[in-house]
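**Q** Structure for the following, please:
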Amino acid sequence: MEILDAVVIGAGQAGLSASYHLKRRGIAHVVLDADPGPGGAWQHRWDSLTMDDVHGVAALPDSDSPAGATGRANTVVPAYFAAYEREHDLPVLRPVRVDRVTSEGDLLVVHAGDRTWTTRTLVNATGTWSQPYLPHNPGIETFRGEQLHTVGYPGPDHFRGQRVVVVGGGASAVQLLGEIAPVAADTLWVTRREPVWRTDDFTPEGGRAAVALVEDRVRRGLPPASVVSVTGLALRAQEREAERLGAYQRHPMFTAIEPDGVRMPGPPLDDGSRWAADVILWATGFRPAIAHLAPLHLRSEHGGIRLDGTTAVADPRVQLVGYGPSASTIGANRAGRVAARGVATHLAQAESIASSA
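**A** As a prediction, this is how the structure comes out:
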């Protein structure tokens, strides 16, 4: 039985960064990726998302960023990832969908169907894209129109001439409203809380302060919050037309979903009024894709995984990257380097214990 020093699950930005740093350290490992080709979640983004629309793609380690490229993000970034894998000869295996990770003595066993990999450490880099969050609302099953989540967004032309409810208070909702409002018959933006708009420039210092707030949550074992939840929202030039049309007038959450629309709680619409809708678009975010780690019992009493850097406090054999504060391309790069250091530290400690036994 081959025993690896590390297994990386996921070949997005965080997974490739971790693999690069593991290889530099001479640590034997494989990267297991569920997708049929390179690109991580980027390959699944909607066609209307161009490189001019994204907030930036940080360069992978020892590489030039594709941020200045033009074209669809779901082709440019996957091509960049594919070239990076080839250039650095990273040991990526695909498609491999991991079912669960179990502990057997000092070792971890990664299961994918009838295949297994035995390893001394694990770097989990599965991100969130495969776990779209759809909150349950009264009457959701009665709606006769179309319901979509961001993960299946088909582009603005799909909504032409329709009445569209957009649910969610994050950056995705703002961006999708910017595309949909100019072509839809009407839009209604609803959120549970008032959105926080950023009026100042987003400085590196502000970014570090925002990440520190998210890091504090995972350090305490709380479920991670998105970085944008603490940085606030801002409109870009391509969203000004939607602003002119009044798309960013926020309304409170509807009280119920009905077959042909949503029931609103009160002003600024009439009290108890119905807003007729053809489509409900749920821009309600994602949750960490970590169900396969359940056998390791990593969650704290608060529902999240407590981390020290990228190391799981409940099991130091496990590193988490692309989770919480590292769920961005810049954060993922840094987390990959930290995780590789954490793997090396654990392996050295285990070897020291074994040699002194």
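**Q** For the spatially most central residue of the chain, what is the enclosing helix or strand?
**A** By C-alpha atoms, centre = their mean, the chain has its centre lying nearest to residue 128, at 3.8 Å. Under the criterion of DSSP states H and E, residue 128 resides outside all helices and strands.
**Q** where along the stretch 201-350 of the chain do the helices fall?
**A** 204-219, 228-231, 240-244, 329-356 (DSSP state H, counting those that start in this stretch).
**Q** hang on, the earlier thing: what separates the residue nearest to the centre of the chain from residue 332, distance-wise?
**A** Distance of residue 128 to residue 332, given as C-beta to C-beta, to the nearest Å: 12 Å. Bear in mind the C-beta positions are built from the backbone N, C-alpha and C, glycine included.
**Q** so what sits against both of these two?
**A** Shared contacts of residue 128 and residue 332 (C-beta atoms under 8 Å, 6 or more residues apart in numbering): residue 322.
**Q** Could you chop this protein up by domain?
**A** Here the domain parsing of the chain from automatic domain parsing is 3-130+286-356, 140-197+233-282.
**Q** so which of those domains gets nearest residue 220?
**A** The minimum distance between residue 220 and those falls on domain 3-130+286-356, with 6.8 Å, by C-beta to C-beta.
**Q** Centre of the chain to that closest one, how far?
**A** 12 Å (C-alpha atoms, centre = their mean, to the nearest Å).
**Q** Span of that domain from start to end?
**A** End-to-end distance for domain 3-130+286-356, by C-alpha to C-alpha, to the nearest Å: 21 Å.
**Q** could you give the mean pLDDT of it?
**A** Average pLDDT, domain 3-130+286-356: 93.
**Q** would you list every one of the strands in the stretch 251-357 of the chain?
**A** 256-258, 261-263, 274-276, 279-282, 307-308, 311-312, 318-320 (DSSP state E, counting those that start in this stretch).
**Q** Could you dump these into TSV with mean neighbour count and distance to residue 62 added?
**A** Converted to TSV, those look like this (neighbours: other C-beta atoms under 10 Å; distance: least, C-beta to C-beta, whole Å):
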stretch	mean neighbour count	distance to residue 62
strand 256-258	18	50
strand 261-263	21	50
strand 274-276	16	52
strand 279-282	23	39
strand 307-308	18	26
strand 311-312	22	24
strand 318-320	28	20
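**Q** which SS class is the nearest residue to residue 34 once chain neighbours are set aside?
**A** Once flanking residues are discounted, residue 34 sits nearest to residue 97: 4.3 Å by C-beta to C-beta, 6 or more residues apart in numbering. Three-state call for residue 97 (DSSP: H, G, I helix; E, B strand; the rest coil): coil.
**Q** Next, work out how far apart residue 97 and residue 113 are.
**A** For residue 97, the distance to residue 113 - C-beta to C-beta - is 8 Å.
**Q** more neighbours, those two?
**A** Neighbour totals were compared for residue 97 and residue 113, and residue 97 leads with 14 against 9 (other C-beta atoms under 10 Å).
**Q** pretty sure that one contacts residue 35?
**A** No: checked against C-beta atoms under 8 Å, the pair residue 97 and residue 35 is beyond contact range at 9.2 Å.
**Q** three-state assignment of the residue nearest to residue 2 when sequence neighbours are not counted?
**A** Leaving aside its sequence neighbours, residue 2 sits nearest to residue 118 (C-beta to C-beta, 6+ apart; 7.0 Å). Classification of residue 118 by three-state DSSP places it in strand.
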